[in-house]
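**Q** give me the fold of what follows.
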Amino acid sequence: MSLRKGIGFCQQSAKSLIKLFCCIGGRMPIKIIRQDITKLKVGAIVNTTNPSLDATGGLDHYIHQLAGKELDVECRRIGKLKVGQACLTSGYKLCKYIIHTASPVWNIQNKNNEALLKSCYLSSLMLANEYKLKSIAFPLISSGTNQFPKELALKVAMHSIVSFLTDHEMMVYLVVYDRNSYKISSELFDSIEAYIDDYYEDEHMLVCNSIIAPRFSLIDALNQMDESFSTMLLRKIDESGMSDVECYKKANIDRKLFSKIRSNPNYKPSKQTVIAFALALELSLDDMEDMLNKAGFSLSHSNKFDIIVEYFVSQGNYNVFEINEALFAFDQSLIGV
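**A** Next comes the predicted model:
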């Protein structure tokens, strides 16, 4: 079967929540991860609390335990917050800073649910920006004991973060604690699973079926050296009409890493970095393979990660967040994480 063929991508039937906004989120430095937020090395972690800042339970109580009694004292000194507001304290024993936001409790009768939740994110982000922080980590606010529907909570989170990052530079992590917050539709899962079944090959099969390349001299090989990964990347960016900033943001790549690539023609990237740029540039499978080869990699049918990436590219779908959504569902590492 041709590599360009595959199971049809049921784009209309894929109703997963991330698909609602990944086309805009994929252009920004946002990472959705499943991890203990207190373990992240960031400028500030966000604590969801109540208006009284009294750490009655859940994540709020856990953060206060880790930070120590000094945090309790500072929160008592601050007093109260209105729902949707945020304040910043020291992180004491836990981290440098903690941003506390009074999160809304879901009430189906309250028409301001989404506006209050959005305010939690924007107030926290503006505080982080005021303190010139380069990174911040959010939990999925109000999706736990406050009982916000997870799909709606994630949608509001992403729209709020994206609207802020349109005009600001900051690395934002959104931490989810369970797969129900970050999932793909059954139709898309079945379609990808079928594609993997069609193309997945065991390593020993690849060895048995491999073709021994003809021998040639070392001089011949050196004379056939092609452009480097960095050179090809910069050429493709110029050809695309995108600016450097547009490209590395769409690839979800840090500005410092891009600067290293630009300044070093022989820079050796990770495979995920190459794929992230290939997706940002919306390269064909042939061009993606070419870019991977220049960095010393290739797509392999013995690797589910590679097959899933190939599946989406073959369907003309370059949304990093939607691809990550599928990778997550199949227990693969994520692009840009």
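
**Q** residue 49 and residue 118: what is the separation?
**A** Distance of residue 49 to residue 118, given as C-beta to C-beta, to the nearest Å: 17 Å. Just so you know, the C-beta spots here come from the backbone N, C-alpha and C atoms, and that holds for glycine as well.

**Q** low pLDDT regions in the chain?
**A** 1-28, 177-190, 192-193, 196, 198-226, 336-337 (pLDDT under 70).

**Q** longest helix of it?
**A** helix 113-130 (DSSP state H).

**Q** and the next helix or strand past that helix?
**A** Beyond helix 113-130 on the C-terminal side, the first helix or strand identified by DSSP states H and E is strand 135-139.

**Q** re the thing from before, name the residues that touch the longest helix of the chain?
**A** Helix 113-130 has contacts (C-beta atoms under 8 Å, 6 or more residues apart in numbering) with 43-44, 46, 48, 83-88, 99, 101-104, 106-107, 136, 138, 141-142, 148, 152-153, 156-157, 159-161, 163-164, 168, 170, 172.

**Q** re the thing from before, if you count surrounding residues, which of residue 49 and residue 118 has more?
**A** Remark: of residue 49 and residue 118, residue 49 carries more neighbours, 25 against 20, as counted by other C-beta atoms under 10 Å.

**Q** now do the more buried one against residue 70, distance only.
**A** Residue 49 is 16 Å from residue 70, where distance means C-beta to C-beta.

**Q** residue 66 against residue 94, yeah?
**A** Yes: with contacts counted by C-beta atoms under 8 Å, residue 66 reaches residue 94, the gap being 4.6 Å.

**Q** which one of the two is surrounded by more residues?
**A** Taking other C-beta under 10 Å, residue 66 and residue 94 do not tie; residue 94 has more neighbours (19 against 15).

**Q** who's in contact with that one?
**A** 38, 45, 63, 66, 67, 68, 71.

**Q** narrow those to those in strands?
**A** Judged by DSSP state E, strands contain the following of those: residue 45.

**Q** so residue 333 is in contact with residue 271, correct?
**A** No: look at residue 333 against residue 271 with C-beta under 8 Å: they stay out of range, at 9.9 Å.

**Q** neighbour-wise, which of these two wins?
**A** The neighbour count for residue 333 versus residue 271, taken as other C-beta under 10 Å, is higher for residue 271 (19 against 11).

**Q** the more buried one touches residue 293, doesn't it?
**A** No: with contacts counted by C-beta under 8 Å, residue 271 stays clear of residue 293, the gap being 11.4 Å.

**Q** could you pull up phi and psi at the residue nearest to residue 102 when sequence neighbours are not counted?
**A** Of all residues beyond its chain neighbours, the one nearest residue 102 is residue 81 (4.1 Å), with distances taken as C-beta to C-beta, 6 or more residues apart in numbering. Dihedral pair for residue 81: phi -120, psi 150, per degrees, to the nearest 10.

**Q** and residue 81, how close does it get to residue 112?
**A** For residue 81, the distance to residue 112 (C-beta to C-beta) stands at 16 Å.

**Q** more neighbours, those two?
**A** For residue 81 and residue 112, the more surrounded residue by other C-beta under 10 Å is residue 81, and the numbers stand at 20 against 13.

**Q** ok, now how distant is the more buried one from residue 328?
**A** 33 Å.

**Q** also residue 104?
**A** Applying C-beta to C-beta, the value for residue 104 to residue 328 is 27 Å.

**Q** just the strands in the stretch 101-250 of the chain please.
**A** 135-139, 171-175 (DSSP state E, counting those that start in this stretch).

**Q** direction included, what does the first one pair up with?
**A** Strand pairing for strand 135-139, determined by DSSP bridges: strand 44-49 (parallel), strand 171-175 (parallel).
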